[in-house]
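Undergrad: Quick one, fold the following:
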Amino acid sequence: MPAARTASALVRASHLPPTVAVTAFAAAYAGGVGAPASTVVLVGLAVLTGQLSVGWSNDWIDASRDTAVGRTDKPVATGGLAVRTVRTAALVAVAACVVLSFALGAAAGAVHVVAVASAWAYNVRLKSTAWSWAPYALSFGLLPSVVTLALDPARFAPVSTTAAAALLGVGAHLANVLPDLEDDAATGVRGLPHRLGRRRTTLAAVALLVSATALVVLGPPGGPGGPGVAGAGALVAAVALGVSAAAVAVRRPTSRYPFLAAIGVAAVTVAVLVATA
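TA: Numbering: from 1, shown residues only. Below is the predicted model of the structure:
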């Protein structure tokens, strides 16, 4: 297989939208809290390699399931990428992630490694259990502290920021699984969304995502973080995206729009965080 075709398949197998989004959000937050440019770049690289490892490990571990249900969006399932290749890529990426994470400092490195290990635990086992939400809550909740622990002086992120990030993670999990509920059930995957059902999962995803934005806007000590029109605008945008995601999920169950809307809500939330850091 030509190198260019393999590279293209690896990009598609990396779960590119969430990989790029989480990396961009982490780097933006680092800039917002005043990290020097070198730290912003290092945060971006550490998070990028971690996310790549998570995406590639997902396609490696789920190769047989994806093939069984005919996932045309997965290069491994269509024969466009060898399982061995994506496995190697995942292992190389996670090794690079560990090195880059500890380059941020011992505390920041340890916290990020825990966050990435939590995401791998989802891929390996927890996605098929009622605890499927927990890795998302832990990994996303820890991410802001990866940034703040890399600062001088090192510190954990504010509680409201940590809680909002955890809510975003769980909301994104619920939205991401919606199009795949039937395919997952056919291959024995029964995470929390599969147990809740489509309707309750949709409502819970919207509620969690909007709550995350509200927490960032209203939660910081001293009053609303997004003053006046800015804070109201952020909430209105989050609600609009949430409602549109719910409407699409009901009318077009296989659409990826609800997950893209979740990324949009996350972008709004991070924008408020950066503006008020």
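
Undergrad: send the alpha carbons of stretch 166-178 over as PDB?
TA: The C-alpha trace of stretch 166-178 is given here as PDB (Å, rounded to 0.1, in the frame of the first residue of the first chain):
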ATOM      1  CA  ALA A 166     -16.400  16.800  33.000                       C
ATOM      2  CA  LEU A 167     -20.000  17.600  32.000                       C
ATOM      3  CA  LEU A 168     -18.800  18.400  28.500                       C
ATOM      4  CA  GLY A 169     -17.100  15.100  28.300                       C
ATOM      5  CA  VAL A 170     -20.100  13.100  29.400                       C
ATOM      6  CA  GLY A 171     -22.400  15.100  27.100                       C
ATOM      7  CA  ALA A 172     -20.100  14.500  24.200                       C
ATOM      8  CA  HIS A 173     -20.000  10.800  24.900                       C
ATOM      9  CA  LEU A 174     -23.800  10.600  24.900                       C
ATOM     10  CA  ALA A 175     -24.100  12.600  21.700                       C
ATOM     11  CA  ASN A 176     -21.300  10.600  20.000                       C
ATOM     12  CA  VAL A 177     -22.900   7.200  20.600                       C
ATOM     13  CA  LEU A 178     -26.400   8.200  19.300                       C
END
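
Undergrad: pLDDT averaged over that stretch, what's the number?
TA: Throughout stretch 166-178, pLDDT has a mean value of 92.

Undergrad: 54 is where my numbering starts, stick with that
TA: With the count now opening at 54, the last piece we talked about shows up as stretch 219-231.

Undergrad: burial measure for residue 137, as a count.
TA: Burial of residue 137 is recorded as 9 neighbouring residues (other Cβ atoms under 10 Å). For glycine as for every other residue, the C-beta is placed from the backbone atoms N, C-alpha and C.

Undergrad: mind listing what it touches?
TA: By Cβ atoms under 8 Å, 6 or more residues apart in numbering, residue 137 lies in contact with nothing.

Undergrad: tell me which element it is part of?
TA: Assigned by DSSP states H and E, residue 137 belongs to helix 136-155.

Undergrad: could you point out which element follows that helix?
TA: Assignment by DSSP H and E places the next element after helix 136-155 at helix 159-177.

Undergrad: what's the next helix or strand after that following helix packed up against?
TA: Using DSSP H and E, the next helix or strand after helix 159-177 towards the C-terminus is helix 186-201. Applying 3 or more Cβ pairs under 8 Å, 6 or more residues apart in numbering; DSSP states H and E, we find helix 186-201 packed against helix 69-85, helix 90-114, helix 159-177, helix 212-230.

Undergrad: 6 Å instead, please
TA: The helices and strands touching helix 186-201, judged by 3 or more Cβ pairs under 6 Å, 6 or more residues apart in numbering; DSSP states H and E, are helix 69-85, helix 159-177, helix 212-230.

Undergrad: Assign a three-state SS to the closest residue to residue 259 other than its chain neighbours, would you?
TA: Nearest residue to residue 259 in three dimensions, chain neighbours excluded: residue 295, at 3.9 Å (Cβ to Cβ, 6 or more residues apart in numbering). With DSSP: H, G, I helix; E, B strand; the rest coil as the basis, residue 295 sits in helix.

Undergrad: How about the contacts made by the nearest residue to residue 191 once chain neighbours are set aside?
TA: Leaving aside its sequence neighbours, residue 191 sits nearest to residue 171 (Cβ to Cβ, 6+ apart; 4.6 Å). Residue 171 sits next to 188, 191-192 when contact means Cβ atoms under 6 Å, 6 or more residues apart in numbering.

Undergrad: Same list as before, the residues you listed that is, but in TSV and with neighbour count, pLDDT and distance to residue 77 included.
TA: Converted to TSV, these look like this (neighbours: other Cβ atoms under 10 Å; pLDDT from 0 to 100; distance: Cβ to Cβ, whole Å):
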residue	neighbour count	pLDDT	distance to residue 77
188	25	97	21
191	19	98	21
192	25	97	16
